[in-house]
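>>> Here is a sequence together with a model predicted from it:
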Amino acid sequence: MTVFEVSIGTVFKYAGSDQLWVRATEKHFRKVRKPGFKIGAGWKVYHLRDKPIEVVRLPDTSPIRRAGDILFLSEGDVQLEYLYPWLVRGTTVEGKLTHFVLNGPTFEKCVVDAPSEETALPFTIVRGSQHLGRQPSTMIFAYKGRVYARATPEEVTGKKQTGGYKRVKVLDGRSGSSSGGS
């Protein structure tokens, strides 16, 4: 068996190695018990694609489960792909929208190695967006015990448009990103 033959959430190791890996998503693999959220795309293990592996643990199959970086809800009808925690500098409520001030100008620049009380935990909706009342591939995130949906441009401006909604502001001499959530 090789890495591309195992399902999401399978923990494995290469023959002759003690390092554990998990198939995090369809295209990504991650080392187990390594600090941070660094992830290897398929190309990082591509050179080992034909090397035999030993399955250490198969993924859970319960109706609500986590397998790798995918959260399965309602027996798989809803699938959420976990991204990486963002550091949040603050929030403000404006009507029915909550604005989140992130620690940098983009989501990628706000990623931290470990979740804390000051981080948002984001997910992309892989399957089942209609059950959550959102569009396919949109983002939801948890922050301080609540779940938010990333606002669409139409929800913010009242006009249909393509692309995302983001305001970049300089706060305390640092660039921060403000993204609406509803």
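Thanks, I have it.
>>> Relative to Glu155, how far out is the spatially closest residue to Ile64 that is not a sequence neighbour?
Leaving aside its chain neighbours, Ile64 sits nearest to Leu73 (5.6 Å; criterion: C-beta to C-beta, 6 or more residues apart in numbering). The way it works is simple: take the backbone N, C-alpha and C, and place the C-beta from them, glycine included. Distance, Leu73 to Glu155, using C-beta to C-beta, to the nearest Å: 23 Å.
>>> what number of residues lie near the residue nearest to Ile64?
Burial of Leu73 is recorded as 16 neighbouring residues (other C-beta atoms under 10 Å).
>>> and it, bridged to which residues?
Under the criterion DSSP bridges, Leu73 forms beta bridges with Val78.
>>> and it, what is it in contact with?
Shown in contact with Leu73 (C-beta atoms under 8 Å, 6 or more residues apart in numbering): Ile64, Gln79, Leu80, Gly128.
>>> quick one: low-confidence ranges for this protein?
Applying pLDDT under 70 to the chain picks out residues 34-48, 163-182.
>>> Using the record's assignment, carve it into domains.
3-60, 78-181 (automatic domain parsing).
>>> residue contacts, the residue nearest to Phe4 when sequence neighbours are not counted?
Leaving aside its chain neighbours, Phe4 sits nearest to Arg49 (6.0 Å; criterion: C-beta to C-beta, 6+ apart). Residues near Arg49 by C-beta under 8 Å, 6+ apart: Thr2, Val3, Phe4.
>>> can I get these in a markdown table with distance to Val111 and secondary structure?
Shown next, in a markdown table, are these (distance: C-beta to C-beta, whole Å; DSSP: H, G, I helix; E, B strand; the rest coil):
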| residue | distance to Val111 | secondary structure |
| --- | --- | --- |
| Thr2 | 30 | coil |
| Val3 | 25 | helix |
| Phe4 | 27 | helix |
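>>> For Asp18, see how far away the residue most central in space within the chain is.
Centroid-nearest residue in the chain: Leu83, 1.6 Å away (criterion: C-alpha atoms, centre = their mean). Distance of Leu83 to Asp18, computed by C-beta to C-beta: 29 Å.
>>> Check Gly68 too.
As judged by C-beta to C-beta, Gly68 and Asp18 stand 20 Å apart.
>>> Ok, Gly128 next?
Look at Gly128 and Asp18: by C-beta to C-beta, they are 37 Å apart.
>>> Of the two, give the one with the bigger neighbour count.
It is Gly128, of Gly128 and Asp18, that has more neighbours when counted by other C-beta under 10 Å, with 17 against 6.
>>> Cheers, nothing more for now.
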